[in-house]
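Novice: sequence first, then the predicted structure, then my questions.
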Amino acid sequence: DAKTTQPDSMESTEGETVHLPCSHATISGNEYIYWYRQVPLQGPEYVTHGLQQNTTNSMAFLAIASDRKSSTLILTHVSLRDAAVYHCILRVVQQGTGSKLSFGKGAKLTVSP
Amino acid sequence: EAAVTQSPRSKVAVTGGKVTLSCHQTNNHDYMYWYRQDTGHGLRLIHYSYVADSTEKGDIPDGYKASRPSQENFSLILELASLSQTAVYFCASSDGTGGCAETLYFGSGTRLTVL
């Protein structure tokens, strides 16, 4: 899987909208963009994924640049529960091969009251 | 209720001793994985399995063995524990379809300290 670059940390305040950037300049055409988050003392949790189009679910909005070289995870009305390390990961999707993801350090999001 | 459970939650082991970490999943998933996470770092894949009685090496398998006696259970074995194996170990499962919607479901981790 190709490499992604994220800031080490970001800060926000409860109620704000947070934009978490991820750069993946060498992404291949068959690589999907995945986001997981990890709170202390827990394993990572799936947030969302996308290929080319922007996607949204109950947890977040994923904005993908038209050239796919970057993406942004957007969290609206953040709460203290959103404080976590957010991992941006690329994965080549192949049927019947499982999901052997490689996790980097991710970006630590701090949320203040 | 948690679908991937790990035991023990924490363990202290002596150098050279044998350590077994256990993982149980109720997701009916074919794939199971063992990762390790060192403080301030990401997760690295140690071993994985896509069917009972078979295991595969991940990115950092040296010093570890794995066992998948059933679809639900996956163990990580450190035959001769070393100081460098002090870390948090995470087990995960996935349905194995390989499709874009396939996601990993993680347990809460086992904190292993080797003294």
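Specialist: In hand now; what should we look at?

Novice: can you name the residue of chain B nearest to chain A?
Specialist: In chain B, no residue comes nearer to chain A than B:F106, which is 2.6 Å away by CB to the nearest CB. Backbone N, C-alpha and C define where each C-beta goes, glycine included.

Novice: how far away is that residue from A:D67?
Specialist: Taking CB to CB, to the nearest Å as the measure, B:F106 and A:D67 are separated by 32 Å.

Novice: more crowded one of the two?
Specialist: B:F106 (24 against 8; other CB atoms under 10 Å in any protein chain shown).

Novice: not counting sequence-adjacent ones, nearest residue to the more buried one?
Specialist: A:G43 (2.6 Å; CB to CB, 6 or more residues apart in numbering or on different chains).

Novice: quick one: contacts for the one you found?
Specialist: B:V4, B:F90, B:C91, B:A92, B:F106, B:G107, B:S108, B:G109 (CB atoms under 8 Å, 6 or more residues apart in numbering or on different chains).

Novice: in the helix or strand in which the second one is found, which residues are buried?
Specialist: Using DSSP states H and E, the secondary-structure element containing B:F90 is strand B:87-94. The neighbour-count criterion (16 or more other CB atoms under 10 Å in any protein chain shown) identifies B:A87, B:V88, B:Y89, B:F90, B:C91, B:A92, B:S93, B:S94 as the buried residues of strand B:87-94.

Novice: out of those residues, which two sit at the greatest distance?
Specialist: The span of the buried residues of strand B:87-94, defined through CB to CB, is set by B:A87 and B:S94 at 21.7 Å.

Novice: return the residues in contact with residue 108.
Specialist: Just so you know, I chose chain A. By CB under 8 Å, 6+ apart, the contact set of A:K108 is A:D8, A:S9, A:M10, A:A84, A:V85, A:Y86.

Novice: ah, no, chain B please
Specialist: B:S108 touches A:L41, A:Q42, A:G43, B:A2, B:T5, B:Q6, B:R9, counting by CB under 8 Å, 6+ apart.
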